[in-house]
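S.K.: Turn this into a structure:
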Amino acid sequence: MKKLLFITLFSAAVSLFALDINVFSSDSKTETIEFNGNSLEIKYKGKNKYPKYVIYSPDSHIMRSHYHYYMFRYKKFIKIVGNPKEIQSAKIEIKINNTKSSTDSGVKGGASPQGGFRRTYYYCTIIKVIEIKKKE
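M.R.: Okay, here's the model as predicted:
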């Protein structure tokens, strides 16, 4: 039994290293973020293209070696904050439930930082809306 457990755990660890993805950390913490509507993106999943996440990525339009993505469930975001396409700016308090990190080497032949691009994904829950301004 101990040998089987060891083999299972070892296989899982090897799989994670092969994918170069860190295990989710579950350090719950709260913080306040401010964003404008132009920095929001809706991520779709599946053939039916139904919305899954609203993603806030500060400074994603600037070339960096490390990018941060705040991931919100689409339906909950709509219910609490509103339609992302109608938001000009907002300030919300969030709770970070899980964090996932990954690294990739970028586009073959393209410019990339030494060690590749790092991406950190914060899976969040909205605690409260502090301020919101809708587009006119």
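S.K.: where along the protein do the helices fall?
M.R.: Applying DSSP state H to the chain gives helices spanning 2-19, 74-80.
S.K.: can you pull the buried residues of the last one?
M.R.: By 16 or more other Cβ atoms under 10 Å, the buried positions in helix 74-80 come out as 74, 77, 80. C-beta coordinates here come from the backbone N, C-alpha and C atoms, glycine included.
S.K.: okay if I get these as JSON lines plus pLDDT and distance to residue 127?
M.R.: Output for these, formatted as JSON lines (pLDDT from 0 to 100; distance: Cβ to Cβ, whole Å):
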{"residue": "74", "pLDDT": "88", "distance to residue 127": "18"}
{"residue": "77", "pLDDT": "92", "distance to residue 127": "13"}
{"residue": "80", "pLDDT": "93", "distance to residue 127": "9"}
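S.K.: Looking at the residues you listed, which one is closest to residue 103?
M.R.: Using Cβ to Cβ, the shortest approach to residue 103 within these belongs to residue 74, at 26.6 Å.
S.K.: Not counting sequence-adjacent ones, nearest residue to that closest one?
M.R.: Leaving aside its chain neighbours, residue 74 sits nearest to residue 51 (4.0 Å; criterion: Cβ to Cβ, 6 or more residues apart in numbering).
S.K.: try residue 130
M.R.: In this structure, residue 130 finds its nearest non-sequential neighbour in residue 91, 4.4 Å apart by Cβ to Cβ, 6+ apart.
S.K.: So what's the residue count around that neighbour?
M.R.: Other residues within reach of residue 91 by the criterion other Cβ atoms under 10 Å amount to 13.
S.K.: With residue 128 instead?
M.R.: For residue 128, using other Cβ under 10 Å, the count is 9.
S.K.: how much space is there between it and residue 90?
M.R.: Using Cβ to Cβ, to the nearest Å, residue 128 is found at 11 Å from residue 90.
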